[in-house]
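K.L.:
sequence and computational prediction follow.
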Amino acid sequence: MTNPHQPLPAGRTLGGKGLGKRVELHPKRRALRIGALVSAIALVLAACGDGDGAASAEGDAGSDADGAVELVTYDAFVLDDDAAAAFAAESGREVALLQQGDAGSMTTRAVLSAGNPEADVLFGVDNTLLARALEADLFEPLPDHVLDLVPEEYRVEGAGGDRVVAVDTGQVCVNADSAWFEEEGLEPPDTLEDLADERYRGLLVTENAAASSPGLAFLLGTIAHFGEDGWQDYWERLVANDVRIAADWSDAYEAAYSVSGGDRPLVVSYGSSPPAEVVYSEGERTEPQSAVIESTCVEQVEYAGVLAGTERPEAARELVRFLMSDDFQRSIPLSNFVFPIQDVETPEVFEQFAVKASDPLRLDSDEIATKRDRWTEEWRAITG
Amino acid sequence: MNPRSVRVRSWVAQAPTWIVLGLGVVVPLATLAWAARAGVPGSIDSTVPIGDRLARTGWVTLVQAGASTVATLAVGLPVALVLARYRFPGRGLLRAVVAMPFVLPSVVVGAGVLALWGPGGPLGAAAVQPGSAASLALVVVAHVGYELIVVVAVVGARLESLPPAQVETARTLGAGAWRRGVAVVLPQLLPAVAGAAALIFLLTAGSLGVVLVLGGPRWATLDAEVWYLGTQLLDLRGAATLALVQAGIVVVVGAGVAMIGRRGGSGTRGSAAVGGGGGGGADGTGGATGSLRRPVGAQWGWVAGAVLLVAATSVAPFVALAARLGGVTPRRFAGLWVDGTRGVPALGPSVGRSLAVALVVGAICAVAALGLAVAARAGRGRITRGVLALPVGVSAAAIGLGVVLMALVGPVDLRGSVAAVVLVQSSAALPFAVGVILPVIVALPRTVEEAAASLGSGPLQRWRRVLLPASATAIAGGAALAAAVALGEFGASTFVVRGDAPTLPTLVGRLLSRQSPESVAMGTLVAAVLGMLCGALLVLAQSLGRRARTRG
């Protein structure tokens, strides 16, 4: 080939008279330019992404950033419309929800973004994870007038206790499909021990304790009940009795539980699931089909706090205060089926059907913090 | 040209690659090392000995990857044989279909298998609950579709390169068909089969998206375990440690595979994963059409069998996935696009954001790959190309976690920034861009350049006026492929995207992990959209790649 341009399509050569001069440009400089271009793009993009973040560094000194207050929480959380409207009327701001999986993965994400948060307020870290959240310096201190809203017995002692408020409590309990048991002519189980009994073989579905919050609570309940050396044996018996491990609560309750159309009449859910059943039936049911097995109930407490590094510290504190207000507290039994932390009136259906065991199973929060992973790992080995 | 200036020039040309690899792989890994030693605030450090964890996940990984490798070879070898032997209508299409899943997002492949074989799928009788013990079957089925191209590319290339004369000689000497197969073809094929098997084992052992969507924690590979520890269990130190161990294993095994590959005579195909799959058949596919025969008689049965196998593993899941789109009314889709639904942000901005980032990544990767090609043409950059295998093997979750930890245990805070997303996706996509661009540029005939040089053009002018235009389609194809890979990147992105600004794969992962029927339906829908976008980019990449090859 003599003509170097021959194999090229017409018009594709980047010729032109100016080229002659630029040929002198050293290739090294050209490559440097490419490198510089790449870095420049990266920097521009970084600047775009960090624009808000840079402002937030001085957020505390100046006024809050504009826009809605962002509340990061778990998937299942529902913000009552009236409560949201009440907050908007009070503060002039909307609440934007950011839902990040279940309580465990939400907390993990929050720890991974500590100091550079994805939202202004976090709600839903529970007693099993609180110690780690505090250790990671997730939260900013709260003013006393907000902290004082928490009833005495639910205040958090020790370091970091001034950074979170307990917003609600829940109880994780085994629910039984009464209709199913009646049909089968079988007495529903009464205790944790019963669940491992041959009569109830293949009936229970629970959640993955390594990844799901009620699943972990149930595991902790069995540890509280059977002791640190006894629970393993119990779980081996559960596995032998064909317990099903669902990935999460939805998978267990909405897919596997017989009341929702599945094939398992026993499910690890909440003491407040029966009223939820009535409410969600939208008039079809006046009474729940599920009964709560009270001796299996484990207490869960959910906390909220202002995320350190927020761009809207004022509004964030305002939102946390609002979570403790009567307006919000009255809304949560029916929006989230948990027990308000404040002594407020609860709706009738809740009053009537929700079960709050007077002496639920409890484990010390510090003990959970130090041993949780070993327990879940052992649990995985037993159930894997 | 003096040797020193060649060396300097080639290093400068490789600089963009090193920026991407350095910031996107090396620094995150170094950060993990630091975090594994010094700990991370807030981490629930495991009291479980790392050995125990390794033993459990290691065993699970061996079983899973072993099963996946055997199954892929069982399906892939007949397909490779048919493609290498016979000429039949639709051969090119079959080859393209086989290549497609390899570069499709893992969450899309997972969602497809779930849509077909999972609960509520058309093969509902065989329904397997994701996360159950039996879900290993789902993982293996997904992996077969995913890795089929590796067998077809690696073994197929070897088959095509066998001189037909050899077999003819054997025939003339009176050897029967079996004898010819066993005594002549098989021995020469074995190294390629071993290489393909090793590569598949490596890739499936490092599978993340498919395992998360289909297998759950029970079938967690090392990568998935890193993901669980780092995103669900808050054991950040454990995740960092495990990620490092994984990276170590990958480097050792990867080097071993590369050596086998070299001994197997696939020389230039050191990064077969990259060139073979990535290029969607950048190597030896249609080249040897001359030696292809028209099937006669019973041989049509082989062809039909291959077509069926490919249809079952590489087509049916995506048809099932697309069928899910059919169930959505345009109105509902418009609603999802603009407003989203509970717990799901509006789809429109997510698509826009994902595409914008992917295109930037495509451009960056094209530039970096071009630089690397410049160096390779000068016979340099071998080390860089070796290091380039790192992002293919190292757990994407490890990279993502490393970038996040750069802020938690180091001074660089990229969390939630677009730059972080661009960075991790670039490091994931770069090997693919290189796989397409580099071979084309290296193969450009030197005569053209020499002629241009003899006419007095300098090196820069030669590049701008001769080499660049001649490789423009390949560069565009590489960029498109890199963009497709970036668009589907899941493991690392999941750590660095902002929760309120997800990319499509992270959104799919989030929705499918919830497992409520409603979420799974939404996740499947988003996966279908993502699959189509990636598919469009891949078709573009492939047609550009084909044009580039026919031109050369």
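P.N.:
Received the coordinates, thanks. Numbering: from 1, shown residues only, chains lettered A, B, ... in the order given.
K.L.:
enumerate every residue touching A:D233.
P.N.:
Each residue near A:D233 by CB atoms under 8 Å, 6 or more residues apart in numbering or on different chains is listed here: A:F226. In short, each C-beta sits where N, CA and C put it, glycine included.
K.L.:
so it, which state does it fall into?
P.N.:
State at A:D233, reduced to three classes by DSSP: H, G, I helix; E, B strand; the rest coil: helix.
K.L.:
got a pLDDT number for it?
P.N.:
Per-residue confidence (pLDDT) for A:D233: 97.
K.L.:
could you check how far it is from chain B?
P.N.:
20 Å (CB to the nearest CB, to the nearest Å).
K.L.:
assumed B:A548 was part of a helix.
P.N.:
Yes: judged by three-state DSSP, B:A548 forms part of a helix.
K.L.:
surely it meets B:I441?
P.N.:
No: counting by CB atoms under 8 Å, B:A548 does not reach B:I441; the two are 9.7 Å apart.
K.L.:
spit out the residues that contact the two alike.
P.N.:
Both B:A548 and B:I441 are in contact with B:S471, B:A474, where contact means CB under 8 Å, 6+ apart.
K.L.:
dihedrals phi and psi, A:L122?
P.N.:
Backbone geometry at A:L122, expressed as degrees, to the nearest 10, gives phi -110, psi 130.
K.L.:
give me the buried positions along the helix or strand hosting B:I383.
P.N.:
B:I383 belongs to helix B:382-387 when assigned by DSSP states H and E. Across helix B:382-387, burial judged by 16 or more other CB atoms under 10 Å in any protein chain shown covers B:T384, B:R385, B:V387.
K.L.:
so the second one makes contact with B:A376?
P.N.:
Yes: taking CB under 8 Å as the contact criterion, B:R385 and B:A376 are neighbours in contact, 7.3 Å apart.
K.L.:
name the residues contacting each of the two.
P.N.:
Counting by CB under 8 Å, 6+ apart, the residues touching both B:R385 and B:A376 are B:L438.
K.L.:
near chain A, anything from stretch B:483-497?
P.N.:
Yes: against chain A, stretch B:483-497 shows contacts by CB under 8 Å from any CB of the partner chain at B:F495.
K.L.:
what's the neighbour count on the closest residue to chain B within the stretch 51-200 of chain A?
P.N.:
When scored by CB to the nearest CB, the stretch 51-200 of chain A has A:A136 as its residue closest to chain B, at 2.3 Å. Residues near A:A136, counting by other CB atoms under 10 Å in any protein chain shown, number 24.
K.L.:
cool, and A:G101?
P.N.:
Neighbours around A:G101, by other CB under 10 Å: 23.
K.L.:
how about the contacts made by it?
P.N.:
Listed by CB under 8 Å, 6+ apart, the contact set of A:G101 reads A:Y74, A:D75, A:R109, B:Q232, B:R510, B:S513, B:R514.
K.L.:
thought the fourth one was touching A:N208?
P.N.:
No: applying CB under 8 Å, one finds B:Q232 not in contact with A:N208, separated by 9.3 Å.
K.L.:
ok, these two, which is more surrounded?
P.N.:
Neighbours per residue (other CB under 10 Å) separate B:Q232 from A:N208, with A:N208 holding more: 28 against 21.
K.L.:
close enough to count as contact, the more buried one and A:D248?
P.N.:
Yes: counting by CB under 8 Å, A:D248 is a contact partner of A:N208 at 6.9 Å.
K.L.:
now do the shared contacts for the two.
P.N.:
Common contact partners of A:N208 and A:D248 (CB under 8 Å, 6+ apart): A:G215.
K.L.:
so for the closest residue to A:Q171 other than its chain neighbours, what's the pLDDT?
P.N.:
In space, and not counting its chain neighbours, A:Q171 is closest to A:G271: 3.8 Å by CB to CB, 6 or more residues apart in numbering or on different chains. According to the prediction, A:G271 has pLDDT 93.
K.L.:
can you count the residues close to A:G271?
P.N.:
A:G271 is flanked by 29 other residues according to other CB under 10 Å.
K.L.:
so what's the backbone phi/psi at it?
P.N.:
phi -70, psi -20.
K.L.:
how about it, what does it touch?
P.N.:
So A:G271 contacts A:G170, A:Q171, A:V172, A:C173, A:V292, A:E294, A:C297, A:A354, A:V355, A:K356, A:A357 (CB under 8 Å, 6+ apart).
K.L.:
farthest pair within these?
P.N.:
The span of the contacts of A:G271, defined through CB to CB, is set by A:G170 and A:E294 at 14.4 Å.
K.L.:
picking that back up, and the gap between the residue nearest to A:Q171 and B:A358?
P.N.:
47 Å (CB to CB, to the nearest Å).
K.L.:
likewise for A:D327?
P.N.:
A:D327 is 44 Å from B:A358, by CB to CB.
K.L.:
got it, and A:A103?
P.N.:
As judged by CB to CB, A:A103 and B:A358 stand 32 Å apart.
K.L.:
the stretch 51-200 of chain A against chain B: which residues are in contact?
P.N.:
Residues of the stretch 51-200 of chain A lying near chain B (CB under 8 Å from any CB): A:53, A:70, A:72, A:75, A:96, A:98-101, A:104-105, A:107-109, A:111-116, A:118-119, A:129, A:132-133, A:135-138.
K.L.:
pLDDT at residue 265, what is it?
P.N.:
No chain was given, so I picked chain A. A:P265 is assigned 97 on the pLDDT scale.
K.L.:
try again with chain B
P.N.:
You'll see B:G265 listed with a pLDDT of 45.
K.L.:
please apply the same query to B:P89.
P.N.:
Turning to B:P89, the model gives it a pLDDT of 90.
K.L.:
that one: what secondary structure?
P.N.:
Here B:P89 is recorded as coil under three-state DSSP.
K.L.:
that one: neighbour count?
P.N.:
8.
K.L.:
next, it: phi, psi?
P.N.:
Here is the backbone geometry of B:P89 (degrees, to the nearest 10): phi -60, psi 130.
K.L.:
check contacts around it.
P.N.:
Not one residue lies near B:P89 by CB under 8 Å, 6+ apart.
K.L.:
let me see the contact set for the residue most central in space within chain A.
P.N.:
Against the mean C-alpha coordinate of chain A, by CA atoms, centre = their mean, the closest residue is A:A103 at 2.3 Å. Residues near A:A103 by CB under 8 Å, 6+ apart: A:Y74, A:G124, A:V125, A:D126, A:L129, A:S213, A:E302.
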